[in-house]
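Engineer: sequence below, structure please.
(2 chains)
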Protein chains: 2
Amino acid sequence: MSSSPSKTLRKLEVVSPVPADIDIANSVEPSHISQIAEDLNLKPAHYDLYGKYKAKVLLSVVDEQQGSSDGYYVVVGGITPTPLGEGKSTTTVGLCQALGAFLDKKVVTCLRQPSQGPTFGIKGGAAGGGYSQVIPMDEFNLHMTGDIHAITAANNLLAAAIDTRIFHESSQSDKALFNRLCPPNKEGKRKFSDIMFRRLKKLGITKTTPEDLTPEEAKRFARLDIDPESITWRRVMDVNDRFLRKISIGQGPDEKGMVRETGFDISVASEIMAVLALTTSLSDMRERLGKMVVGNSRAGEPVTADDLGAGGALTVLMKDAINPTLMQTLEGTPVLVHAGPFANIAHGNSSVVADKIALKLVGPGGFVVTEAGFGADIGTEKFMNIKCRYSGLTPQCAIIVATIRALKMHGGGPDVVAGKPLDRAYTTENVTLVEAGCINLARHVANTKAYGVNVVVAVNMFATDTEAELKAVREAALAAGAFDAVVCTHHAHGGKGAVDLGLAVQRACENVNQPLKFLYPLDIGIKDKIEAIAKSYGASGVEYSELAEKQIEMYTKQGFSGLPICMAKTQYSFSHTAASKGAPSGFVLPIRDVRASIGAGFIYPLVGTMSTMPGLPTRPCFYDIDLDTATGKVIGLS
Amino acid sequence: MSSSPSKTLRKLEVVSPVPADIDIANSVEPSHISQIAEDLNLKPAHYDLYGKYKAKVLLSVVDEQQGSSDGYYVVVGGITPTPLGEGKSTTTVGLCQALGAFLDKKVVTCLRQPSQGPTFGIKGGAAGGGYSQVIPMDEFNLHMTGDIHAITAANNLLAAAIDTRIFHESSQSDKALFNRLCPPNKEGKRKFSDIMFRRLKKLGITKTTPEDLTPEEAKRFARLDIDPESITWRRVMDVNDRFLRKISIGQGPDEKGMVRETGFDISVASEIMAVLALTTSLSDMRERLGKMVVGNSRAGEPVTADDLGAGGALTVLMKDAINPTLMQTLEGTPVLVHAGPFANIAHGNSSVVADKIALKLVGPGGFVVTEAGFGADIGTEKFMNIKCRYSGLTPQCAIIVATIRALKMHGGGPDVVAGKPLDRAYTTENVTLVEAGCINLARHVANTKAYGVNVVVAVNMFATDTEAELKAVREAALAAGAFDAVVCTHHAHGGKGAVDLGLAVQRACENVNQPLKFLYPLDIGIKDKIEAIAKSYGASGVEYSELAEKQIEMYTKQGFSGLPICMAKTQYSFSHTAASKGAPSGFVLPIRDVRASIGAGFIYPLVGTMSTMPGLPTRPCFYDIDLDTATGKVIGLS
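Structural biologist: The predicted structure is shown next:
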């Protein structure tokens, strides 16, 4: 704990009913971010300012604090949600406001950077809500410090390199191609550039001078011979642009008829985002980016970014993005925003480096609270088996956020549909529905507890929830093995509404006495790992499509079977069927396809079809967004 | 002039032969940008830091200095160049190093932000060269403060809005469409959002409540009825990706067969970049972005960004981009980097707001030196007739950069081809070729002088140039009416090599005595304006394609004929034929097509085919680019 009192903590004056998020956000004058940094004992040399309210904390902070101990590490997951979301981000922020502004703890909130697509589409921003928010809201939701833009640039440079390479290989002899790749320098001598030695090494060629290669070696080196059908690398854009989901490229007259079908994903679905989230250092990022596989050669060998000569340039584009962005909550506690890999096809967790820096900054007795996207069956599971496996970090406590609304849905309540009014069942007392729905919570609690952490259930309370309903949840949670279960009102009251949760989390962290246990070891087969995860969903077995079988065989043959598994499954059910609520069991989980993010370091089986590019509705959020050009303030952001 | 001595100016220790650009750039420790700002009398409230070496200067500086006087305004153009470039940027930077570090003048260099595409492609970076550079070179060339990324995001949000709107209009009745656009709020009342009143006003509908519109009015309001064939808005990406030049979108099963041919341009070719370069304030930018035309309705009415509800969101995405970025030269003089509209299809000049801020910051007796892209026939012409027309600023001096190499080419020397060794004619004395080539320089001088400015010819000297050759240029320049002609060696010597140029520019600025004269008035027809410009090229007339005639008729009918003209012509000749060197005359200039950037505020006739998306070579620059992960330094950038 810091010895000097914080200059930035501020108490909120809350109003009821809770005003619009943007109005609350605009009602608070944020502290200059250098003051937030000072509170964390960061010196100016430890960060770069990006305007007045954002700073990039330099990775070197971790190296400097190599010897010092970490704080407590808390992950926030949720029960299987309704389409409206159950407030995981808001709870994460509210808990930290409680720990920092009310319980006098050193605390850092670690959040994902949101995609701009949904901000202008249907969903709006992702800075929390009510009196538990990250501010300034517009800077959090738009551009931030440019990390997603860097990902877009890097992803698309690699995509351009792929198609252009195929194009140039198609029209050049082996010799011409080799000579162009190794042009003579001013002294007339041909040289390999540094990155080319990576490919030479991969090919087992130890010669160091281009002239020394045999024609056969020169051909193997120069001709990647990418099979266009095998290309898995797509272009990305941080915009909800459904018309780019499937496109044909190369239709210009100069591209000589080399038309190919491909498509765009939203930028946060790029493998480079997953790399950013899982990397531990600049040199680790350089290696991961270089070994990203974009497709196969016609002979079935994986072709990497380094084979294309691009791994270094990608690293250069990402060199500032590796530093997390420091921001603040409404109550002046620090937040590190960093990475935001798509939970649909990646692991949906914020970055390892932000968590590592934060754990050093809060130190022993302090708290780092990080959020895992989607329900705990996906988010927390990937947090444990992928993120913690790569980071080597050990959480003490896992929170599971629940709402009465979602529990009623799991207990058999009517469908909850975004944009439609809620059924009366959700706004009037119905303890029976709640009790029945706790079967979903109970499985999440049990699954999470199995990792060796203490599980605290946070009931994110709505105005219409009744005491009897809340009591039912608390009892069910404890019966399922939760360390504690606490009702919280941070949306309406800010940190003050999450003080009990903060105290419960503190006790949970102080009383953990088991080591972290993974759900599966890495050294078993891909199918064995998939089946271990499927079992945690309640599945009785797994069924593989012909394509999935083929892919598993290929990745195993290519030597990638030792990677962890990142399931691409709906978050709306434990099973593959979104409509299947509660705690389904006995179903057979179908694996439609299996893909891989080799650089990021995981295999991702597709359970059903995952959208990787959202669309815009008839009346998108952007209709309300404008700039007050007199004040420079953003209006209409939600 | 500042009374306190500068803390940031530093003298260079030059080495011969001149080392690689990146080695020179890395040999100098830049000052913290707050020191550069302090030298300009900027207070911390006037700028936002972006790391240690970049700061965004806030537009409010201009408002605060409303009453104070401007410094001298100098524009740098060039003769018709070889494909190797004749060093306009380098001369711009070198001149400023001379004025600031050797002649004790307040000076600001205004430069364009380079596109990342060429940095990774063939060309390399654009921070100047030799001992006349902007540093840090990697921050200048990559990401900078995110302005181009903001443009990409805004451009593509609008593109997504277009296709999605057509999609939703295709499947909804007038009533459903109207109701979705004006959904009921929590109280059940339908309301227009603020931006919708812009469209209502355009349609002449003064009603303020959705319920009051007649079905016919509701239909006119809700149905943009965009003609897909008329869409001129393309997507953009800051990457050299030739396979995106022509694509088909909407091939996914959910897009119901609404396939459309379109393509990507490089981001700097976006109209939003041209808007950024020409805007004068936040409110002006809001209006320009809103009135950008994306295509026509089937009835032939222009459809704007505001009709699509997107003008406000685009402004929000661009709100930080409007603030220019402060950087520094090798010798510690200040640089404002801002905007970089494609010279191929836009006006190729840096921003109005950067120049305005700079002119106030240097004050009377100080100098602002700004570069105009391409040869002076295009760059300087557009600087005068488009940029100065919108800014209201008046230059005193125009520099024309010439090289012996380019003059020899114009005098009949052999072809100069990038990547091929130069012919001996260019590296040994040949006064005859130089003298013959001065016909090109003479026309640029005469054309530029006609604007009412004093013209100074800067001969960017190479080691192989001889005294007799240089003398020939000086004589020809003076004979053509130049105020002065000066040999400079800033590439080899930094500011010291451009001291004579600095003195000449100072005299030129102090001795101007004519008002600015435009080449054409705005209130004549589109064709009359095109013909005035064509005459300045030496053309005897203009020939319009059928398409060009049709477009001119349409724009005139739509009320856009009062805009200035932005010719899209090769920079490699005064004429439309790149191979036609010297000072061709008597040719008929063919206008293939005529397009418009209504928001930016110009009509652009296409003289021939202009590429708006470069490609990558077999061995792109990125092969050499990597990060030294131990030091965090970028290596291999050229």
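
Engineer: ok, the closest residue in space to A:Gly125 that isn't next to it in sequence - how many residues close by?
Structural biologist: Excluding its sequence neighbours, the residue lying closest to A:Gly125 (Cβ to Cβ, 6 or more residues apart in numbering or on different chains) is A:Asn141, at 3.9 Å. (Glycine included, C-beta is placed from N, CA and C.) By the criterion of other Cβ atoms under 10 Å in any protein chain shown, A:Asn141 has 24 neighbours.

Engineer: tell me which residues touch A:Asn141, please.
Structural biologist: Contacts for A:Asn141 (Cβ atoms under 8 Å, 6 or more residues apart in numbering or on different chains) come out as A:Pro114, A:Gln116, A:Thr119, A:Gly125, A:Ala126, A:Ala127, A:Leu637.

Engineer: what pLDDT is listed against it?
Structural biologist: Here the pLDDT value assigned to A:Asn141 is 94.

Engineer: got the phi and psi for it?
Structural biologist: phi -90, psi -20 (degrees, to the nearest 10).

Engineer: give me the neighbour count for the residue of the stretch 251-400 of chain A found nearest chain B.
Structural biologist: In the stretch 251-400 of chain A, the residue that lies nearest chain B is A:Gly312 (2.9 Å; Cβ to the nearest Cβ). Using other Cβ under 10 Å, the number of residues around A:Gly312 comes to 27.

Engineer: give the contact list for A:Val416.
Structural biologist: So A:Val416 contacts A:Thr82, A:Pro83, A:Leu84, A:Arg405, A:Met409, A:Leu422, A:Asp423, A:Tyr426 (Cβ under 8 Å, 6+ apart).

Engineer: about what we covered before: what's the most distant pair in the contacts of A:Asn141?
Structural biologist: Taking Cβ to Cβ as the measure, these span a maximum distance of 12.9 Å, between A:Gln116 and A:Ala127.

Engineer: more neighbours: which of these two?
Structural biologist: Using other Cβ under 10 Å as the criterion, A:Gln116 and A:Ala127 rank with A:Ala127 on top: 30 against 26.

Engineer: so the more buried one makes contact with A:Ala25?
Structural biologist: Yes: counting by Cβ atoms under 8 Å, A:Ala127 does reach A:Ala25; the two are 7.2 Å apart.

Engineer: overlap of the contact sets of those two?
Structural biologist: Between them, A:Ala127 and A:Ala25 share these contacting residues under Cβ under 8 Å, 6+ apart: A:Gln133, A:Ile135, A:Met137.

Engineer: closest to chain B among those residues?
Structural biologist: A:Met137 (11.8 Å).

Engineer: backbone torsions only: list them for A:Leu501.
Structural biologist: According to degrees, to the nearest 10, A:Leu501 has phi -60, psi -40.

Engineer: who's in contact with it?
Structural biologist: A:Thr91, A:Gly94, A:Leu95, A:Ala98, A:Ile399, A:Val456, A:Ala458, A:Val486, A:Cys488, A:His490.

Engineer: now the phi/psi pair for the fourth one, please.
Structural biologist: Main-chain dihedrals, A:Ala98, degrees, to the nearest 10: phi -70, psi -50.

Engineer: again, but for the first one
Structural biologist: Dihedral angles phi and psi of A:Thr91 (degrees, to the nearest 10) take the values phi -70, psi -40.

Engineer: if you rank the contacts of A:Asn141 by neighbours, which is first?
Structural biologist: Neighbour-wise, these (other Cβ under 10 Å) top out at A:Ala127, 30 neighbours.

Engineer: now do the longest helix along chain A against helix B:147-171, angle only.
Structural biologist: Longest helix in chain A, counting residues (DSSP state H): helix A:147-171. Inter-element angle recorded for helix A:147-171 and helix B:147-171: 80 degrees (by axes from the mean of the first three to the mean of the last three Cα atoms, to 10 degrees).

Engineer: quick revisit: between the contacts of A:Asn141, which is nearest chain B?
Structural biologist: Ranked by distance to chain B (Cβ to the nearest Cβ), these are led by A:Gln116 at 6.3 Å.

Engineer: I'd say that closest one and A:Met237 touch.
Structural biologist: No: using Cβ under 8 Å, A:Gln116 is not in contact with A:Met237, being 9.8 Å away.

Engineer: export the contacts of A:Leu501 to JSON lines and tack on neighbour count and secondary structure?
Structural biologist: Shown next, in JSON lines, are the contacts of A:Leu501 (neighbours: other Cβ atoms under 10 Å in any protein chain shown; DSSP: H, G, I helix; E, B strand; the rest coil):
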{"residue": "A:Thr91", "neighbour count": "29", "secondary structure": "helix"}
{"residue": "A:Gly94", "neighbour count": "38", "secondary structure": "helix"}
{"residue": "A:Leu95", "neighbour count": "32", "secondary structure": "helix"}
{"residue": "A:Ala98", "neighbour count": "29", "secondary structure": "helix"}
{"residue": "A:Ile399", "neighbour count": "33", "secondary structure": "strand"}
{"residue": "A:Val456", "neighbour count": "28", "secondary structure": "strand"}
{"residue": "A:Ala458", "neighbour count": "31", "secondary structure": "strand"}
{"residue": "A:Val486", "neighbour count": "23", "secondary structure": "strand"}
{"residue": "A:Cys488", "neighbour count": "27", "secondary structure": "strand"}
{"residue": "A:His490", "neighbour count": "31", "secondary structure": "helix"}
